[in-house]
Structures are given as structure tokens and as C-alpha cells.
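sequence first, predicted model second:
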Amino acid sequence: MLNLFKKKTPISEVFPIDFVDIHSHLLPGIDDGAKTIEDSISLISKMEEYGIRKFVTTPHVLGSVWPNSSDTILDKLDLVQEELEKRNMSHIQIDAAAEYMLDEQFCELLKKRDLLTIREDSLLVEMSYFNAPVNLFEILFDIQLAGYNPILAHPERYNFYHKKFDVYEKLKNAGCRFQLNILSLTGYYGDHVKKAAEKLIELNMIDFVGTDTHHHKHLEAMNNLGTKKILKQLQPLLKNNQLFV
């Protein structure tokens, strides 16, 4: 009998062995991600089952909503690392940076150089989903002047650029690298975001990917990544993340 269903690749076979997830929210009680240390370990354990064992987790730093400092983030990282050690999971490699909202508070932190980076100099930044900062390109210039390389989180999710695709090219020309949320390719955030993600990949604008894991619903949705189409789009980008090993 003809099998009408396309065979999917299991999620455990999607990620290369040295893949580093550079965008997630796995530290407990610090933003809208993991709430408790048990949540943190549960998420990390499930991601290990998926083949992800290396993380640079990135809690939000967002004004008065998530006013995290470098110290509070690193304290939570220590807590998670200690718990992993207790549970004989020290083979998991987890470090911490942050996902910085490009706002006035960020500009102050930039002046003080009080920022947590991915590897030596890569800085994960985001914008409001409603509009970009009026001085966006000035901020990007200042970031690079300070010696950092900006990586824009989930550019495909900024709906206000979907009909102004030339702005993406301007951002790239301004020295901004792009990190795609892998769930965007599954339609998790909506069809319009999926189409933007596919177009950005087609135009070779995406540099890195991240899971942007906040909770188990995100991990459940990752089981939809194993189609031939998505794997063809993802595989070269997954390899790029190995630069952060």
C-alpha cells in the first residue's frame, strides 16, 4: 500500500554533534523562560535527548520588565551548573550571555561595557515587535565602535519589516548578523513569519540559528523540524553555530 505520509527525520538526528544553541531562556526565575531550577533541568534534559548539549543561554535584559544585570545572570548560571553537577550532568556545557533590548538602558550598559557576550565579542540584541528604535543604525554603530559584533535575534519576527525587505539589507550592510528562530520555519509564530524566514534564508541573510526555548511547548513544536524542506534550509545554518564551540 502506498504510504501517503512523508517520512520525517527524528529530532534527535537534526542537530550536528557540536551544535551550540545561542538563544534560549533556561535560567530559573529570571525572565519569561524557566521558572524554577526544576524547570531549567527539565528543559535541558529534553534538549539533550534532542542532541543539544552545548548552550549559551540568553535571558532577557529589558528595561523595568526584566532588569537583569550581569551579576544576577551569572549567579543564576552558577546555580544551574551546580545542579547539573549534582545530577551527574556535568557533560552539559552551559554558559550565559543575554538578549538585550535596544533601549535606553542598553545604551547605558554599552557605555559602561557591562555586557555579557556570546563567545568573546558577539552581542545578541532584539527590538520591540511594534517598531524599531528611531536611532537603530546609530546604536548598531556604537555597538561596533565599542568592539562588539551585533547579532539581531529573530529578524523574521519583526512584522514591520516584512513589506520593507530592503531594510534587512541595510541592517546587514551596517554590520548586523542575523539569528533565525528555528521554529519560525515550522509556522509556529504564524505563516507571515514563516514566509519571511524562508525569504531571508533564500537571500543568504541568515548567519546563525537558535531555539529561543522558553518552555516545553517550544520543545514539542521542534518535533516538526524533520521535514526534507526544513532540513535543507536548516542544515547549513546549524553548522554555522559550531563557530561558537
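Good, I have the coordinates.

check what pLDDT Asn3 gets.
Asn3 is assigned 43 on the pLDDT scale.

identify each buried residue in the longest helix along the chain, please.
Ranked by number of residues, the top helix in the chain under DSSP state H is helix 70-86. Judged by neighbour count (16 or more other Cβ atoms under 10 Å), helix 70-86 contains these buried residues: 70, 73, 76-77, 80-81, 83-84. In this view, the C-beta of every residue, glycine as well, is placed from N, C-alpha and C.

check what pLDDT Lys6 gets.
59.

just checking, what packs against the longest helix of the chain?
Where contact means 3 or more Cβ pairs under 8 Å, 6 or more residues apart in numbering; DSSP states H and E, helix 70-86 is packed against helix 37-49, strand 93-96.

kindly recompute the last result at 10 Å.
Helix 70-86 is packed against helix 37-49, strand 54-57, strand 60-61, strand 93-96, with contacts defined by 3 or more Cβ pairs under 10 Å, 6 or more residues apart in numbering; DSSP states H and E.

turn the ones you listed into JSON lines, columns for mean pLDDT.
Listed next are these as JSON lines, based on pLDDT from 0 to 100:
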{"stretch": "helix 37-49", "mean pLDDT": "98"}
{"stretch": "strand 54-57", "mean pLDDT": "98"}
{"stretch": "strand 60-61", "mean pLDDT": "98"}
{"stretch": "strand 93-96", "mean pLDDT": "98"}
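
okay if I get those as TSV plus mean neighbour count and distance to Pro28?
Formatted as TSV, the helices and strands packed on helix 70-86 follow (neighbours: other Cβ atoms under 10 Å; distance: least, Cβ to Cβ, whole Å):
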stretch	mean neighbour count	distance to Pro28
helix 37-49	18	5
strand 54-57	24	11
strand 60-61	24	14
strand 93-96	19	12
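
could those be laid out in a markdown table, adding distance to Asp121?
Output for those, formatted as a markdown table (distance: least, Cβ to Cβ, whole Å):
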| stretch | distance to Asp121 |
| --- | --- |
| helix 37-49 | 26 |
| strand 54-57 | 13 |
| strand 60-61 | 17 |
| strand 93-96 | 14 |
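
ok, which of these comes nearest Arg119?
Closest to Arg119 of the helices and strands packed on helix 70-86, according to Cβ to Cβ: strand 54-57, at 7.7 Å.
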